[in-house]
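Student: Pasting the sequence and the predicted model now:
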Amino acid sequence: MNLAQALLSGLLIGGVYGLFSIGFSLAFGVMRIVNFAHGGVVMLGMYVGLYAFDASGIDLLVSIPAALIAGGLLGATLYVTFYARFVGKATLQQLLLAIALGLIIQVLAQMAFGPNAQSIRSAWGSQYLIIGTMFASYAQIAAFGVAVVATLAVEALLHGTRWGHAVRAVADDAEAAGIVGLDAQRINLGAFSLSCALAALAGSVLVTYYPVSPPVGFGLMPIALIATVIGGLGSVKGAFFGGLICGVVEQVASTAWTPALQDVPLYALLLIFLAVRPFGLFGRPSAH
Amino acid sequence: MMTRFSFNWIGIACVLAVASLPAWPFSDSYIVAAVIRTLIFIALGQAWNVIAGIGGQLSLGHGVFFGLGAYATAILFNLWGVPPWIGVWAGMLAAALVAVAIGGITFRLRGVYFALATVVISLAFEKLARFFVDLTGGDAGFALQFLGDSWWGLQSREPTPFLWPALALVVGYYMLTRWLLRSRFGLELQAVRDDEDAATAAGVAVFRTKLMGLLLSAVMTALVGTLHVQFYLTIDPGNAFGLFQAVQIQLPSLIGGLGTAIGPVLGGAVMIIANEATNWASSRFDVPGLDVLAYGGLLLFIVIRAPEGLSGPLSAMLRRRPR
């Protein structure tokens, strides 16, 4: 049953796609920032995971906190230095700025880590769980588990805490939020740091079974775009389901058609959504 | 004495200087080729400027139109012997069809959807071009059958014959942009760029205006694609549809001044100097990716520090001079 296997693999990697798409969607939903450098942060998270493993020999227990901290700090730096001036308007200049940052991150990574693909060889990462005719590596399963837990945590954070309510208030109307006494700049800083921390987290779990090289960042970018639009630009829940859909479509296309063109149906899916349902599965029609 | 010169006179002098380049004592085929590369680069920037600069719609997928122009001409010529004189029309038609498809889907929406769609379309074309090896030559790219000096095949052993068509294209695109900036259509495009609500209220058909702007820009880009492949005799997926190419197309207008007629021309000239410098530095210091770093840094600097590009301060300077 090749198809069942493709569905399973797609769902497992789709969880990780969903995890970094949440971060991308959050930055857009709260600040209207289209962060084309988001994939670059995922890629850096993968290197954090790689080096955390090399240094400690334990993967997720060390690499997850390391990636969250590194991603959060990078996000805060990027926000203060570059993105703060573009909050609220996804202008041409903002998109170009993000592309420039993405290119620079990629080249710097290439200078620091070299152009070759590197991967982790952990003891349990290459062991497989066999379910009937299907199989999945423990690394894939663990990554999926982390993605689901992190997504639920972000949902709880946004809907169950004071800070989350503040973030959503700023997202709805930054001016009104300012009037009732919320410091929009500080809230944005937190939300953008969280966005990048989620990207780095996704990278750190992805690297346990997916080799990392500097171009991987831009390679993952279209998936974040597509997952986010399918789910509804700005919707956290939507971005996660969008990621799952992307993973499944990609793996099924790879099995049923050819790996070289596995992403082409995804591109078609984006265009179909833009034509028929541009506000996505979980967005509101007025959001665009 | 300088005060009597306006942009126009300087421009005419530059055009004459470039047109007569082969006759100059110091010029050789290397210099002529470098100037042609610059002109092609400028023309691409001018074409992108129409929809992005004047229309305010950020296309990150102009490589698609460029690649379609280049590939259509090259494939028709190699596989069926169709001369580029006809192939160029096929390329422009293909670009127009893709432009209508992208615009038709995304221009009813506002904001970032168009930009996102163009990213995805160019990736799709890159993947397809890499996959259909029989048609496109795959990763290695496509080499035009070389006939030597030929009017029929629009080919030449020497770069010089390409100088005048390339120059004519740049001058033509400059005039077209000047016209656009003053014409009703161009003013409508600018109104849409500045404020869609206000444009709608003033009776501008926003969707149609954006679509026509993209159509024009796409056809202009495909025409440059044909010239590019005739001059370079080769095209490959990365060069045609890649992200780096998409960024390169944007830089001339951004450096020179987005949405102005002179911007892409100035910016392209500056870019090519930067390009030669990074090529030299890359070969000297053996650091791969130096060019990408330089372009990324340049883009960053312009967006943050000089959003008007060069033409803003320059035209202010010329205007301030007493007559």
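Tutor: Structure received. Worth saying up front: this structure is predicted, and the values here are computed from it rather than measured. Numbers count the residues shown, from 1 in each chain, chains lettered A, B, ... in the order given.

Student: so who does residue 221 touch?
Tutor: In the absence of a named chain, chain A is used. Going by C-beta atoms under 8 Å, 6 or more residues apart in numbering or on different chains, A:M221 touches A:F36, A:H38, A:G39, A:G102, B:V119. Heads up, the C-betas are built off the backbone N, CA and C, glycines and all.

Student: nope, chain B
Tutor: B:L44, B:A47, B:W48, B:H62, B:F65, B:F66, B:G69, B:A95, B:I249.

Student: What about the residues you listed, which are in helices?
Tutor: Counting by DSSP state H, the contacts of B:T221 place B:L44, B:A47, B:W48, B:H62, B:F65, B:F66, B:G69, B:A95, B:I249 in helices.

Student: can I assume the fifth one is in contact with B:H228?
Tutor: What that stands for is B:F65. No. Counting by C-beta atoms under 8 Å, B:F65 sits too far from B:H228 to count as a contact (11.7 Å).

Student: More neighbours: those two, which one.
Tutor: More crowded of B:F65 and B:H228, by other C-beta atoms under 10 Å in any protein chain shown: B:F65, with 35 against 25.

Student: Tell me the spacing between the more buried one and B:F125.
Tutor: 10 Å (C-beta to C-beta, to the nearest Å).

Student: Please apply the same query to B:S217.
Tutor: For B:S217, the distance to B:F125 - C-beta to C-beta - is 17 Å.

Student: Highest neighbour count among the contacts of B:T221?
Tutor: Busiest of the contacts of B:T221 [other C-beta under 10 Å] is B:F65, holding 35 neighbours.

Student: which residues does it contact?
Tutor: B:F65 neighbours (C-beta under 8 Å, 6+ apart): B:A47, B:A95, B:V98, B:A99, B:S217, B:A218, B:V219, B:T221, B:A222, B:G225.

Student: repeat that for 6 Å
Tutor: B:A95, B:A218, B:T221, B:A222 (C-beta atoms under 6 Å, 6 or more residues apart in numbering or on different chains).

Student: got the phi/psi numbers for B:E308?
Tutor: phi -90, psi -10 (degrees, to the nearest 10).

Student: Enumerate the positions of the lengthiest helix in chain A that are buried.
Tutor: Assignment by DSSP H gives helix A:2-31 as the longest helix of chain A. Across helix A:2-31, burial judged by 16 or more other C-beta atoms under 10 Å in any protein chain shown covers A:5-31.

Student: and if you look at stretch B:151-169?
Tutor: Buried residues in stretch B:151-169 (16+ other C-beta under 10 Å): B:G153, B:L154, B:Q155, B:S156, B:P159, B:P161, B:F162, B:L163, B:A166, B:L167, B:L169.

Student: Just put those in CSV and tack on pLDDT.
Tutor: What follows is the buried residues of stretch B:151-169, written out as CSV (pLDDT from 0 to 100):
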residue, pLDDT
B:G153, 75
B:L154, 78
B:Q155, 80
B:S156, 79
B:P159, 82
B:P161, 85
B:F162, 86
B:L163, 88
B:A166, 91
B:L167, 92
B:L169, 94
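
Student: Now flag whichever of these is closest to chain A.
Tutor: B:L169 (25.1 Å; C-beta to the nearest C-beta).

Student: residues in contact with B:G53?
Tutor: By C-beta under 6 Å, 6+ apart, the neighbours of B:G53 are B:S253, B:L258, B:G259.

Student: now the strands: where do they sit in the chain?
Tutor: Because you didn't say which chain, this covers chain A. Along chain A, counting by DSSP state E, strands occupy A:128-131, A:134-137.

Student: um, chain B though
Tutor: Under DSSP E, chain B gives strands at B:142-143, B:234-235.

Student: Pull up the pairing partners for the first one, direction included.
Tutor: Based on DSSP bridges, the strands next to strand B:142-143 in the sheet, each with its direction, are strand B:234-235 (antiparallel).

Student: contacting residues around the partner strand?
Tutor: Taking C-beta under 6 Å, 6+ apart as the rule, strand B:234-235 contacts B:A70, B:G141, B:F142, B:A143, B:V229.

Student: Please convert those residues to a markdown table, extending it with neighbour count and distance to A:A136.
Tutor: Listed next are these as a markdown table, based on neighbours: other C-beta atoms under 10 Å in any protein chain shown; distance: C-beta to C-beta, whole Å:
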| residue | neighbour count | distance to A:A136 |
| --- | --- | --- |
| B:A70 | 29 | 44 |
| B:G141 | 18 | 39 |
| B:F142 | 21 | 41 |
| B:A143 | 15 | 45 |
| B:V229 | 31 | 47 |
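
Student: Next, give me the two most distant ones among those residues.
Tutor: Greatest spatial distance in the contacts of strand B:234-235: B:A70 and B:A143, 12.0 Å, computed using C-beta to C-beta.

Student: Would you point out which residue of the stretch 101-250 of chain A is nearest chain B?
Tutor: A:L103 (3.8 Å).

Student: Just give the number of residues close to the closest residue to that residue other than its chain neighbours.
Tutor: Using C-beta to C-beta, 6 or more residues apart in numbering or on different chains and skipping residues adjacent in sequence, the residue nearest A:L103 is B:G296, 3.8 Å away. By other C-beta under 10 Å, 22 other residues sit near B:G296.

Student: cool, B:L176 as well?
Tutor: Neighbours of B:L176 (other C-beta under 10 Å): 18.
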